[in-house]
Each structure stands twice: as structure tokens, then as C-alpha cells.
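> Here's a sequence, model it:
(chains A, B and C, ligands or ions: 3)
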Amino acid sequence: MPEVDAVVVGAGPAGSAAALELARAGRSVILLERGPFPGSKNVYGGVVYGRVLDEVLPEWWREVPVQRWVTRRSTMMLTGHQALTVDFRTEDWGSAPYNGMTTFRADFDSWLAGKAVDAGARLVTSTVATDVIREDGRIVGVRTDRPDGDIRARVVIAADGVNSFLAKQAGLLPRTDPEHQTLGVKETLALPRKSIEERFALTGDHGADFEILGCTGGIPGGGFLYTNRDTVSVGVVLSLTGLAASGRRPEEVLADLKAHPAIAPYLRGAELKEYSAHLIPEGGYRSMPPLSAPGMLVTGDAAAMCLAAGIWLEGVNFAIGSGLAAGRTAAESVENGGGLDGYRERLKGNFVLADHERLQRAPGLVLSDRVQQQYPKLLCDFAQGVFTVSNPTPKPGLGALFRSTAARHGVRLRKLAADAWTGLRTFG
Amino acid sequence: MNALPEVLAVVVVRDGALPGGADETVAETGGAVLLAGTGTARAAKELRTARSTWTVESAQVGPGSLAATLGPLLDGVRIVLLPASPDGRDLAPRLAFGTGRTLHAGAIRCGTDTADLSRADDSLEIRVRFTGPVVVTLTPGVRGIGRPIEPPEPVTVDVTPAEVLDAEPVEVRAPEPETVELTEADRILGGGAGLVRRGEDGTAVMRTLTEVAAWLGASAGATRVVTDAGWAGHDRQIGTTGVVVDPKLYIALGISGAAQHTGGLGRPEHVVSINTDPSCPMTAMADLGIIADAPEVLRELDRRRRDA
Amino acid sequence: MRIAVALSRSWQRVEVDPLTGALGSGHRGESAAEHAALEHALRLAELTGGQVHAITAGPAEAEEGLREALAAGADRATRVDLDTPLDPNSLAHNGATAAALVAALPETPDLVLCGDRSTDGGTGATPALLAAHLGAAQALGAVDLELDGDRLLAHRRLDRGAREILRLPSPAVVSVEGGLRLRRAALPAVLAAQDAEIELLPWTAAPARADVVSARPRRPRAREHPAPSGDSAHHRVLELTGALVERTPPTVVGPLSAAEAADELLAYLRRRGYGVRP
Ligand SMILES: Cc1cc2nc3c(=O)[nH]c(=O)nc-3n(C[C@H](O)[C@H](O)[C@H](O)COP(=O)(O)OP(=O)(O)OC[C@H]3O[C@@H](n4cnc5c(N)ncnc54)[C@H](O)[C@@H]3O)c2cc1C
Ligand SMILES: Cc1cc2nc3c(=O)[nH]c(=O)nc-3n(C[C@H](O)[C@H](O)[C@H](O)COP(=O)(O)OP(=O)(O)OC[C@H]3O[C@@H](n4cnc5c(N)ncnc54)[C@H](O)[C@@H]3O)c2cc1C
Ligand SMILES: Nc1ncnc2c1ncn2[C@@H]1O[C@H](COP(=O)(O)O)[C@@H](O)[C@H]1O
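Ligands and ions are numbered 1, 2, ... in the order given. You can find the predicted model right below:
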């Protein structure tokens, strides 16, 4: 039976980052991936925030497989027939050291796993971890679906994504947890490069990232629209319980978003290339499982590290950040025989848990009925009121207009102020 | 013996039978063909596009020996065109190698100075220019043959057979109808989306269709809806992006008759459409439209097949 | 039996722009047929106490396929260093790689197994060219292989679904269709294969490049039909559109029950001379 210092299950961003750290520390590590190559099975929206990669490779932007560098971020609020957009763009993000990029997971995950392999990790693809091996209450390895497939390891790192099978086997995750998961569905649509640049007002390798509220037909969630080189990704993220209660199919919700008058012009004539769906752990800080068991660390989506709070949808960077921390902890533990407890401290010391702690109220707020439904309607109607020229009636005062619009939507100003305050404390 | 022309089709004949795509290949060269193999004189009479025919009777159809035998005859021939049938595909590379020619395999069109090659799962067409003498293989079923003409009297060419190491033929087994390549089938049963009920195992339905087809001496084909769903292999897909067929009889079960499907159907003499929709294009173009539930009809035919 | 197996790890599922014919991304891998060839090779080696030598002509990426072969049980692996980029020139190829593959075989093996066709060029010419180079017998498009004493029998497709059975001498080149699944390699073997040595042979011969004029999306070719013979242009047009053809008006019957429909169909076939089982 192969014996190694560490076995990492899942060559997603979390697993590859963990394997990279272990290999760099001179530890023997096997990285298992069930797909034929890393990223082959992975679904996500399309934007990776790169700062965390500074820890992986200096000047990573020179070689990372990028589609477009995000220089434009828009947050849209939609109602059935209206749209209010806060549009931000900066040239600063269009040059080194960059901020965010659109990239394909097949390319990105392969690239990151390649870094781990270059550092000495052994990547074994087309191989599924089917169980953990225990001895005296401690996890000492994993079982795989290959003949003679057991591997002994001093540390097992579960990086197998949302709904982690390994974390469940280890008893760290409940069997099912629909409350704290959302479903992401996404379409990749082909458009000529030139059309993308004209429609989204982009040049060269710059890209746009739209986050959308109020587009999910009453089901708690949000939408996104990202530009790649010659495709765009459009998708919705939906609360599982809300979806079940609505009786609708996720592809219908997505079809409605695509047909919205504010979105359709971006997509006109585009050809569907791919449809995919995947779960997202969305509970945030409050729903994180214990992060370790004797002999095992849990990282990335497996540990619900994805930061999904409405206008934030950051999973890959959190997966990498937590993966690096898991790898470092495991390497140290192997080196000096210590336990794995340092993992949580390490995560708290960097952005991963710090951000999660700070944003712990965000999922509740963003998925609340007010933010989902009332506020987009209120703000859109208010904007419409402001911009509608009502001659010969004189223009209303803005304060009065806001109060009357709010009243019409049943929004109590006190609640609004409270949410604003929560929002400020959460996001500010 | 007449000198062989600059552009010549070479067709391997077994027991007097022409391979699929023979006439198309001959038509593509403008009518000049050399038949090689067994029963060539008989096969010469079956040609519908030849204007001049040469025959080389050779007991040996092993590609190594046949290439060595024919090679010296082809000195003055600039373009040698073979059908991409099993024997043509066997012989073409050996001929090219033996005579130092460039091989352009899998063409869908062969001109006097260029050939169009189909690549990347038939989604790409690459035109190559000839820079010297060439051997080209033409995919059967891509061109049709136009108006048939009376076959000319063949000119027999005597050769000294060359001996080269070849595999030893043990036996030729008669075709099982269901494995007849669709392109060559003269009876086809086509299955469409209407043949598979929601939630049913489409693969099993297509297996039944294949068995019923075999019982009727036919091959099973399918629409893209069926092949895309993985219920049948893509080699079964009939249509503009699938296989182009030319059967005498086509029986469509649960097929709407989209242009992309019928575009690959050739000109069957007899068409039957079994469909619940009396006004769908497939039924409109059929000689016999049967308004019935296709899955049920298939099941009934299968029952009778078993009882037979 | 000394067996070589040729794994092309060629481009798969190449995206072609339906308007311009521009080639999009593709990825490399063996075809199901090549995996079947490898599995046949491993089985024959087990049965005859032979050795399996996996060879490829391609860039460094192609070594991944060789490592898979080693993990599955091949004894030796050789790569001939040949660039095969995803461009019309490479795709037009017609076994130009055969010469390079021969370089990987300093001694002619008893049997060379190939896939029926690679996934990019896809014409299946390479095995026949290999046979020509090696002076070997060939059997292309085999659907079944069996050992008959110490000789190999190959079942291959002929026209119209006939099967030919060939007894193969040594040396021979056989290409097989997919169908036989490659065994799953054991985990220790996968790990060992990652460190195994792969012989690398340089290849400097100028590649036989096709003179490519253009690359376009494939469109079905217009099929030729007999020219209309009518004596006025009007008649010829009518003829072309089929308006003059005497046709029994279509009969539409039903709705019918399944049994009635089956009767109707079988009676029609009998009338038209399509008996059951000709
Ligand atoms: C629709 C959608 C949109 C999103 N958009 C974004 C976005 O724009 N930006 C962003 O940063 N994040 C986004 N995310 C979140 C992001 O995708 C995840 O947070 C991130 O992929 C987590 O990385 P990971 O390595 O933890 O897990 P994963 O990426 O899920 O990787 C897990 C890996 O483990 C493998 N595996 C699983 N089980 C086994 C097993 N038993 N044996 C072997 N291997 C196994 C899998 O094949 C996979 O490769 C989105 C998610 C969704 C669903
Ligand atoms: C670029 C392009 C290329 C294409 N190439 C091809 C191609 O090569 N080949 C191809 O086939 N298609 C091709 N298509 C797809 C083509 O346009 C059609 O979508 C397809 O042929 C329809 O297949 P169908 O008749 O099985 O399904 P449908 O169009 O869905 O028809 C199903 C039929 O079944 C009938 N039906 C339903 N229930 C029953 C029942 N219980 N009993 C009997 N009848 C029933 C319905 O009335 C209907 O007529 C292509 C499309 C595009 C865009
Ligand atoms: N570059 C290559 N390296 C190894 N084997 C090859 C190569 N090209 C073709 N072959 C073999 O020849 C078979 C037919 O390929 P092709 O002639 O390209 O259709 C493949 O399935 C392989 O077994």
C-alpha cells in the first residue's frame, strides 16, 4: 500500500493549493481527482479574484490562463420591467497586479494542479476516493475505486467540494443540508468577440462582471453575467428550499433572466454552448462544519468556505486561501508531530475566516425578502419617479417621493435604516 | 492496351461484386476505372458511370500483393481515386507507399488539382492542392451519380501477380443485416423522438428497433434527437450532419421529418411514416402514412418477430 | 509474442466555427479504439507470455497516454518527438506519422496493434502505411481478435456488413475498432508509471506537409441527379422539382391500433416486394 505524508482528495482550487504547500515543504503528497483532468467536472460562474495567488506564484498573471481581466463591475437591481444599475469601472484592474479575471475552470484548475505537480505532488486522475480508512478512531488514509486502491497517509485533506463525501464519512457534515446550500445553474453562450466588446463596452482583454438582484422570480438568490473572450456566462443562484417551494425549474428562472429587457440585448443571437448546474455552500460562517478530525482537515467548499453573499460570489479565492492554510498545517504537523489544531487559527489570521466572520450576517440579509424583492422594486420605482418628467405637475421633492414610494411598497423606513446599518457593518 | 488516363478510379472487386461508392468514384474521375480482383468482367457490367473500363483479374485481393501488382501500371496516372470502402481503404495507402505518391484519404470531393478532405468529425473541410501524383480515397455517399450510362466493353490488362506478405483469408461471412453500414442499406427503419416515451430507456428501444429492422431485412437509423440523447451511436444518425443514405425503402417511426434529417435521406422509392401527427412533413412525403402510436407499433412488430 | 501498440493521443472533439471554419480549442486523448487496441495487446501478451511496447509519435503531452499504458501493464514506452499542433495542416495528415512510428520500432515486432482511426485525421491510413514500411501483413478495422494456436485470427468488416476472417502471419499490423474496454490500472501501478522511464527519440525528418489551400466548415456536397430531359426550360424545371413525376398519391390511414398498424405496414411491404427476411 502506498504510504505518503498526505493525501489530498479533490484537485479543485482548494486541493491543489493544499498539495502545493505540502510539496513545497518537501512532504510526499498524492492529489486524487475523480475527473480525467483537474477542472474537468467543475462548475462555477467565472470570476477568480487573484490576490491570493500572490502566495502561489509571484507575478502569476504572466502565465495564468485568463479569459478577460475584470475592469467593470456592475450591480443591477431588476424588477420585471425595470433595472437600476450601479456601474463601476477602473483601469487600475486592467494592469498588473490585477484584481479579478474571468477564466475557465478546466484551464485554471489544470494550471493550479500543474503548479503542485511541478513542486513534487503526485496527481492521480480518474480516481474516486470512496471512503476513509480509520484506525483507533483516527483517520489514517483513504480508499479509492482503483484495484489495490488504499493509500495510507499521515494527514488526509478533504478538498472534495460542496457536500463533501469525505467530511460526511468522517462525521463532520450532516448527511443533507439543503438549508445552507444554494443551487447555481449557468449557461455558457457563444458570441463573437467583437460583439462582446461592443455590447459590454470593453476593449482588448478587459472584461465585465455583473451581479444581479431581483431576477429570480421571488426565489431567494441572485444572478450573474460574466464576459469571457468569446463567450458569456449567465446564471442564477437559487436557494434550494425556495426553489422547492416555488415549484419552478431552475432553467425556467434562468430563461426569464435571459429574456429580461435589460439583459436580453447583451445576449441577442448568442448560441448556447453549455448548460451546467452545481451546489454552492452558502450558509457562510455560521454553517461551517468542524474543520478537522483526528488525521483529517477539511478545506474549500467541503468546509463551506465559499463566500456567497449576494453581490459577492467568491469561492475559488477562499478555496485557495483555505487550501494553502490546510497544506501548511498538515506539513507542520507531519514535521513536528503536532496535531492539526493550528488550522483554524491560521484561517482566522488571514482573510478566509476574517472575511467570513465579518460577513456572517450577509447571507441572511441578502437572502431576506426585503433585499430580494422589496428593495429592488422600491429603488427602481424611486428612480423612475425621479427621472419621469411630470409636466405640468411640478416635480416632487425627493424626500417626499422616497417616502411615498416606500409606503407604496410597504417598506418601513425604520426597517430600511436598520438593514442599511447591518449592511454597512457587514459589507462596509 | 490503351494507355491509362491521367485520372483513374481503382476499384477492388470481390466475386464480381462492386464495393459501396464504386460508381461515385468512377463518376468523380469522369468515367475511367480500373477494376482489380476477382470477377472483374462481371463487375464491369454493373457499373453505371464508366466510360472506359480496364480490368485486372487477380486471385489475390490482399492489399500488399495487389498494390505491388498494380503499382507499375499506374506510372502515367496522376490521380488515383479509390472509394473509401474497406478494401479501398486497405489498398490506397499501400498503393501510395509503393508508388511514392502522397495519400489524401477521406475526401468528399476530388478535382483535377485539389481535393477536399473531411476532418474533425466531419465538421471541417480542408482543401489540399496536389503537388505531384496522388492517391485519393472518396467517402461513399457524398456525391450521387447522375444519369446512369451503358457500361463500355472492358479492356483486359494482363499482369504478372506480385507476391507480398499478406494475411491469409480464411472465410467471408455473409452480412448480418443489422450491421450493414447504413450508407449501403437499401432498407432502413428510422427511429425518432416520437419512438421513445418520456422516462423510457431509449437505448433499449433502439435495440428493439434494430432487431425488428433485422427481421425485415433492414438497418436501423435514427434522428439527431435520438443520437444526441445517446440512445444510438452517432453512426446511426441520418441527415445532413450525420450519415447520408440512399435506401429504396424508408420506414420512419416517430420522426417529424426536419429538413436536416430528410436532407440525408437520398431518394427512397418507398417511404412509410408512422406518426401520431398526420400533417408532419415526414408523413406528407410518405407513400403510406400510418397514424398510430409508434412505440406501441414497434412493440407489436417485435412481438410478431418473436412469434415468427 | 512481441507486441507494439500505437497510441496517437490525438486531438479530440475539435471545435470548428460553423461560419468561418476556425479551429477552437480541443484536447488530446486516446480514442476508444486505441484503448481497445491496448487491451487486446495486454491480453495477447498474457496469453502468449509476450511483451507490450507502447509507442507514440507526438509532443511531450502525448506521454500521458504512454504512462496510462504503462500503468495498465505495458512493459516499455517510446515517444518519437513530433509536433502535431491543432491546425489544418496537421489535420490534413494522412499517416505522415507512420514513418516516425517506425523509428520507434528498431526491431520489427510480431504484431503492431493500432486504433481503427485516430480522432483528428481519422482516416485509418496510418496502420496500412506502417504495414507497408515494415513489410508486414495487415488487417484493418478488426472487430474481434482470437488466438488460433499461435496464430492470430482477425474478424474485420467488409462491404455491406460482411465479415472477413483473416489469419495473420508475423509480422502483422492490425487496427481494431473500439468496444473492448481498457482495464483499470491498480493504484500502485499508476504511481509507478509516473516515475517510469519513457524512451525519447528525436525526429528531424521534414514532416510531409500537405499543401493546404483552405479550411472551411463542412457543408454537405450537392448530390448529383440525372439532368432533366424536358424540351422546354419550363418542363425541365417542373421535372427537377418532381412536379411531373407520377406518384401514387400518399395514403394516410388511421388512427389505427398497434395491431392494425402493424398489419397495414407488413401488407404494404409485401405488396411492394419487401418480404420479411429476403
Ligand atoms: C454556479 C456557480 C457560480 C460560481 N461562481 C463563482 C465565481 O464566479 N467566482 C468564484 O470564485 N467562485 C464561484 N463559485 C464557487 C466556486 O466554484 C467554489 O467555491 C470553488 O470551486 C470551491 O473550490 P474547491 O476546490 O473547494 O471545490 P471544487 O472546485 O468543487 O473541487 C472539488 C474537486 O474534488 C473532486 N472530487 C470530489 N469528490 C471526489 C472524490 N470522492 N474523489 C476524488 N475527487 C473528488 C471534484 O472532481 C473536484 O475537482 C461558483 C459556484 C457555482 C456553483
Ligand atoms: C445544424 C443542424 C443540423 C442538424 N442535423 C441533423 C441531422 O443530421 N439529422 C437529424 O435527424 N437531425 C438533424 N438536426 C435536427 C433536426 O432539425 C430535428 O430537430 C430532428 O431531425 C428532429 O428529430 P425527430 O423527428 O426525432 O424529433 P421531433 O422533431 O421532436 O419529432 C418527433 C415526432 O414524433 C411524433 N410523435 C410523438 N409521439 C409519438 C408517438 N407516440 N407515436 C408516433 N409518433 C409520435 C411527433 O408527432 C413528431 O412528428 C439538425 C439540426 C440543426 C440545427
Ligand atoms: N502519431 C501517432 N502516434 C501513435 N500512433 C498513431 C499516430 N497516428 C496514428 N496512430 C495509430 O494509427 C491509428 C489510425 O490513425 P489514423 O491513420 O490517424 O486514423 C491510430 O488509432 C493509432 O493507433
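
> didn't residue A:243 look like it was pressed against residue A:219?
Yes: here residue A:243 reaches residue A:219: they are 5.5 Å apart, a contact under CB atoms under 8 Å. Just so you know, the C-beta spots here come from the backbone N, C-alpha and C atoms, and that holds for glycine as well.

> And the helices in the stretch 151-300 of chain A, which stretches?
Secondary structure of the stretch 151-300 of chain A by DSSP state H, counting those that start in this stretch: the helices cover A:165-169, A:193-199, A:240-246, A:250-259, A:264-267.

> now those in CSV, with mean neighbour count, distance to residue A:408 and mean pLDDT?
Output for these, formatted as CSV (neighbours: other CB atoms under 10 Å in any protein chain shown; distance: least, CB to CB, whole Å; pLDDT from 0 to 100):
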stretch, mean neighbour count, distance to residue A:408, mean pLDDT
helix A:165-169, 22, 47, 91
helix A:193-199, 15, 34, 96
helix A:240-246, 17, 25, 89
helix A:250-259, 18, 24, 92
helix A:264-267, 15, 28, 96
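
> Could you export those helices to CSV, including columns for distance to ligand 1?
Below are the helices of the stretch 151-300 of chain A laid out as CSV (distance: least, CB to the nearest ligand atom, whole Å):
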stretch, distance to ligand 1
helix A:165-169, 5
helix A:193-199, 17
helix A:240-246, 12
helix A:250-259, 10
helix A:264-267, 17
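
> Can you lay out these as JSON lines showing distance to chain B?
Below are those laid out as JSON lines (distance: least, CB to the nearest CB, whole Å):
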{"stretch": "helix A:165-169", "distance to chain B": "26"}
{"stretch": "helix A:193-199", "distance to chain B": "21"}
{"stretch": "helix A:240-246", "distance to chain B": "21"}
{"stretch": "helix A:250-259", "distance to chain B": "17"}
{"stretch": "helix A:264-267", "distance to chain B": "23"}
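
> Show me what the longest helix along chain A is packed against.
Selection of the longest helix in chain A by residue count, based on DSSP state H, yields helix A:316-336. Helix A:316-336 is packed against strand A:3-9, helix A:13-24, strand A:47-49, strand A:151-158, strand A:296-298, helix A:342-349, helix A:351-358, with contacts defined by 3 or more CB pairs under 8 Å, 6 or more residues apart in numbering or on different chains; DSSP states H and E.

> OK, contacts around the residue of chain B found nearest ligand 1?
As assessed by CB to the nearest ligand atom, ligand 1 sits closest to residue B:230 within chain B, at 21.7 Å. Counting by CB atoms under 8 Å, 6 or more residues apart in numbering or on different chains, residue B:230 touches B:202-203.

> Please report how far it lies from ligand 2.
According to CB to the nearest ligand atom, to the nearest Å, residue B:230 stands 14 Å off from ligand 2.

> Name the residues of stretch B:90-106 that come out as buried.
Within stretch B:90-106, the residues that count as buried by 16 or more other CB atoms under 10 Å in any protein chain shown are B:90-99, B:101-106.

> And for stretch B:182-201?
B:182-196.

> Can you say which of the residues you listed are also within reach of ligand 2?
B:192-194 (CB under 6 Å from any ligand atom).

> right, and residue A:66 touches residue A:228 too?
No: assessed by CB under 8 Å, residue A:66 is found out of contact with residue A:228, at 9.7 Å.

> who touches both of the two?
Residues touching both residue A:66 and residue A:228 by CB under 8 Å, 6+ apart: residue A:102.

> element containing the residue nearest to residue A:361 when sequence neighbours are not counted?
Of all residues not flanking residue A:361 in the chain, residue A:426 sits nearest, at 5.0 Å (CB to CB, 6 or more residues apart in numbering or on different chains). Using DSSP states H and E, residue A:426 maps to helix A:413-427.
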